[in-house]
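[1] kindly return the folded structure for what I paste below:
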Amino acid sequence: MTATAVVLIVVAVVGLVVVAMAVQSLIVTLRELRRTVDDLRRETLPVIAELRATVDAANGEIARVDSLLDTAEEVGARVEATSRLAWLVMRNPLVKLASASVAGDRAARRLAGGSSARATEAPRALRAAEEPSDGVVIGDDRNRSRRRPRRVG
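    Modelled structure (predicted):
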């Protein structure tokens, strides 16, 4: 055998020893990894179960809140409809009450002796309502065909 063959055999044996040590280190590392994974499973499975229970409870609460929001929307719609109905019912009596109040005020001024021109004059809001405007219908719905003529100038 030549010196080169001996060197190659020694290098091969050293290489096998290095590979054997690397495999041994890899086996130890894999065992540690397996223990770590087992520990991780042991600790995380109960946490995942708790998390699922929490998510289920949260879903129940979300459904409850959704139901409450639907109910609140229905109540809001009913309140709005009731408010409109109350306005339609109360509008005419309120206008009549305001008219009676203005008439009573005028009568009280006349009885008190304040028969000035201001007491007999219609309030500004009533005068504005009586002034003609373009295309305004005079009277109630039965008299729609009669319109005041447009003012010129």
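[2] quick one: residue 40 from residue 30, how far?
    For residue 40, the distance to residue 30 equals 15 Å [Cβ to Cβ, to the nearest Å]. C-beta coordinates here come from the backbone N, C-alpha and C atoms, glycine included.
[3] no, scratch that, I was asking about residue 38
    Taking Cβ to Cβ as the measure, residue 38 and residue 30 are separated by 13 Å.
[4] which residues do the two both contact?
    Common contacts of residue 38 and residue 30 (Cβ atoms under 8 Å, 6 or more residues apart in numbering): none found.
[5] quick check: mean pLDDT of the longest helix seen in the chain?
    Identified as the longest helix of the chain according to DSSP state H is helix 3-111. Per-residue pLDDT over helix 3-111 has a mean of 92.
[6] that helix packs against which elements?
    Applying 3 or more Cβ pairs under 8 Å, 6 or more residues apart in numbering; DSSP states H and E, one finds that helix 3-111 makes contact with helix 117-120.
[7] quick one: mean pLDDT over the helix it packs on.
    Predicted confidence along helix 117-120 averages 50 (mean pLDDT).
[8] okay, which residue is most central for the chain?
    For the chain, the residue lying nearest the average C-alpha position, counting by Cα atoms, centre = their mean, turns out to be residue 69 (9.7 Å).
[9] OK, contacts around that one?
    Shown in contact with residue 69 (Cβ under 8 Å, 6+ apart): no residues.
[10] against residue 82, how distant is it?
    Taking Cβ to Cβ as the criterion, residue 69 is separated from residue 82 by 20 Å.
[11] residue 12 now?
    From residue 12 to residue 82 the distance is 98 Å (Cβ to Cβ).
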